[in-house]
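**Student:** Coordinates only, no sequence provided:
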């Protein structure tokens with residue numbers, strides 16, 4: 001009985017050992033499978049990276065400082081790059097009261113301005129004085145920009161709050177190249193401002209005056225104060241202007 005009991009005891013111990021080993025194998029299998037489940041989390045994070053990349057693309061648009069730097073450049077290349085990166089060519093610069101094209105004209109950056117015009121800048125813009133881009137370019141004596149604006153359909157008859165057209169502004173600037181461009185498209189050489197001034201009455205240049213007179217400007221039109229351009233030329237002691245006006249039949253008795 002004692003021998004049988006010992007045999008049974010050894011058998012029982014053997015069974016326990018086998019069961020223990022089997023349990024160890026099962027636990028090792030389950031522990032091995034856990035990392036596979038955990039590696040799914042980094043994969044999910046990796047899948048979200050394209051969204052982060054998209055955000056980086058949005059924030060990659062040029063900020064105001066970068067746009068100003070591009071607008072200040074004499075070369076059109078930086079502004080072309082800014083536009084390619086998503087810059088809006090028409091909206092006012094963030095935190096500033098002017099548009100990219102308005103800024104470029106004010107800084108006399110003709111090449112940059114022409115890029116903005118070609119890329120679709122909104123030409124309906126007016127500043128606080130009612131001036132259009134065409135007024136601004138004519139006043140700054142920028143014939144290349146005036147030409148680009150006219151080719152894109154800028155309104156040549158638009159007036160500012162003083163009733164001035166772009167031609168008036170070009171004459172005030174004594175800019176013959178701009179006057180030539182504008183008179184090629186404007187037929188009324190005697191259009192008046194609210195003060196009664198014609199383009200001829202706005203210039204101090206005898207050369208510009210001679211060109212306007214050849215185009216049909218009337219030297220005897222009086223302004224709101226009853227002054228003709230000859231009166232004004234005499235007041236300024238501008239002998240060259242007086243000579244030009246008299247040669248074009250200005251009335252010396254007016």
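**Tutor:** Perfect, thanks for sending it. Everything quoted here is computed from the prediction, not taken from an experiment.
**Student:** what about the stretch 151-254 of the chain, any weak spots by pLDDT?
**Tutor:** The stretch 151-254 of the chain contains no residues with pLDDT under 70.
**Student:** Show me the helices in it, by range?
**Tutor:** Residue ranges of the helices in the stretch 151-254 of the chain, as given by DSSP state H, counting those that start in this stretch, are 166-172, 176-183, 199-202, 206-214, 229-235, 239-247.
**Student:** Mind putting these into JSON lines with mean neighbour count and distance to residue 81?
**Tutor:** Every C-beta, even on glycine, is put in place using the N, C-alpha and C of the backbone. Below are these laid out as JSON lines (neighbours: other CB atoms under 10 Å; distance: least, CB to CB, whole Å):
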{"stretch": "helix 166-172", "mean neighbour count": "27", "distance to residue 81": "31"}
{"stretch": "helix 176-183", "mean neighbour count": "22", "distance to residue 81": "30"}
{"stretch": "helix 199-202", "mean neighbour count": "26", "distance to residue 81": "40"}
{"stretch": "helix 206-214", "mean neighbour count": "20", "distance to residue 81": "39"}
{"stretch": "helix 229-235", "mean neighbour count": "19", "distance to residue 81": "48"}
{"stretch": "helix 239-247", "mean neighbour count": "17", "distance to residue 81": "48"}
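**Student:** Now render the ones you listed as CSV, adding distance to residue 102.
**Tutor:** Formatted as CSV, those follow (distance: least, CB to CB, whole Å):
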stretch, distance to residue 102
helix 166-172, 15
helix 176-183, 18
helix 199-202, 23
helix 206-214, 26
helix 229-235, 32
helix 239-247, 33
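**Student:** Residue 99 against residue 88, yeah?
**Tutor:** No - Residue 99 is beyond contact range of residue 88, at 9.1 Å (criterion: CB atoms under 8 Å).
**Student:** re the thing from before, among the helices of the stretch 151-254 of the chain, which is nearest residue 146?
**Tutor:** helix 176-183 (5.1 Å; CB to CB).
**Student:** packing partners for the closest one?
**Tutor:** Helix 176-183 is packed against helix 133-139, helix 143-151, helix 166-172, helix 206-214, with contacts defined by 3 or more CB pairs under 8 Å, 6 or more residues apart in numbering; DSSP states H and E.
**Student:** how about a cut-off of 7 Å?
**Tutor:** Where contact means 3 or more CB pairs under 7 Å, 6 or more residues apart in numbering; DSSP states H and E, helix 176-183 is packed against helix 143-151, helix 166-172, helix 206-214.
**Student:** Indicate which one of those is closest to residue 73.
**Tutor:** Once those are compared by CB to CB, helix 143-151 is nearest, at 15.9 Å.
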